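Q: Starting from these lines, generate the structure:
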Amino acid sequence: MSAHAKTERELWLAGKRRQKKLANKSSVAPGRPKCPGHLCEAARQEFRRVSKLLGERGHETLGDATVLALYASVYSRWVRNKAKLEREGDQITVEVFDNHGNAKSRTKENPLLEIVERAEKQLFVLSKELGLTPQSRSKIQPTESAGPEKRHPEPGCMWEQCPHLFDDDGNYVGAQAHKEN
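A: Numbering: from 1, shown residues only. Sure, this is the predicted structure:
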């Protein structure tokens, strides 16, 4: 003879019920950070663009100002040096002198290439921190909304068993409210 399947309430009371996964809401209040005055114009534009994007997604807080400013600063450096690299090319010709003082032309890798690559790596790391990559976006919790979330009764509690004695928020109102209705 097989055992009967336990109800949701029996599982919860026995401590076998897994905790419900918390709603993906952060306890941090939303807010738009102020753009720092030390950023150049290109960095300010990027700061505002990303700030607006995060705000639309519900991921923006006042505490994001430093990371956003750093992201915007690295972004403007990347754009500026990438444009120079496009003009000069990946290889540059430099004049070097041998032991006898004779000048010789030599082709070498443009140093801007390393600067651009380093900025790209920094941008990628900062993008992940801000939730701007597809993979990191799913891990970022939205900020708490302006209004409180609707509460629900826990299995087996009085609110669940006698809902007429409680208001919509789970506050006990007693038998008086039941008689008045």
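Q: Can you pull the phi/psi pair for the most far-flung residue of the chain relative to its centre?
A: Distance from the C-alpha centroid of the chain peaks at His100, with 58.9 Å (Cα atoms, centre = their mean). For His100, the backbone dihedrals (degrees, to the nearest 10) come out as phi -100, psi 0.
Q: Next: His59.
A: phi -110, psi 10.
Q: separation between it and Ser138?
A: 12 Å (Cβ to Cβ, to the nearest Å). C-beta here means a position set from N, CA and C on the backbone, and glycine is covered the same way.
Q: Can you pick out the residue with more neighbours from these two?
A: Counted by other Cβ atoms under 10 Å, His59 and Ser138 do not tie: His59 has more neighbours, with 20 against 9.
Q: pLDDT value on the more buried one, please?
A: Looking at His59, its pLDDT stands at 76.
Q: hmm, back to that, and the pLDDT at the residue farthest from the centre of the chain?
A: pLDDT, read off for His100, is 86.
Q: Same question for Ala83.
A: Confidence score, pLDDT, at Ala83: 95.
Q: which other helices and strands contact the lengthiest helix in the chain?
A: The helix spanning the most residues in the chain, taking DSSP state H as the definition, is helix 65-88. Counting contacts by 3 or more Cβ pairs under 8 Å, 6 or more residues apart in numbering; DSSP states H and E, helix 65-88 is packed against helix 41-57, helix 111-130.
Q: Next SSE downstream of that helix?
A: strand 91-97 (DSSP states H and E).
Q: just to revisit the earlier point, in the longest helix of the chain, what counts as buried?
A: Neighbour-count burial for helix 65-88 flags 65, 68-78, 80-81, 85 (criterion: 16 or more other Cβ atoms under 10 Å).
Q: Closest to Cys162 out of the residues you listed?
A: The closest of these to Cys162 turns out to be Ala65 (Cβ to Cβ; 48.7 Å).
Q: pretty sure Glu160 is in contact with Glu154, am I right?
A: Yes - with contact defined as Cβ atoms under 8 Å, Glu160 reaches Glu154; the gap is 6.9 Å.
Q: For the chain, which residues score under the pLDDT cut-off?
A: The chain contains residues with pLDDT under 70 at 1-2, 12, 17-30, 141-153, 175-181.
Q: circling back: give me the distance from the longest helix of the chain to the chain's centre.
A: Taking the mean of its C-alpha atoms, helix 65-88 sits 21 Å from the chain's own mean (Cα atoms, centre = their mean, to the nearest Å).
Q: likewise stretch 115-123?
A: 20 Å.
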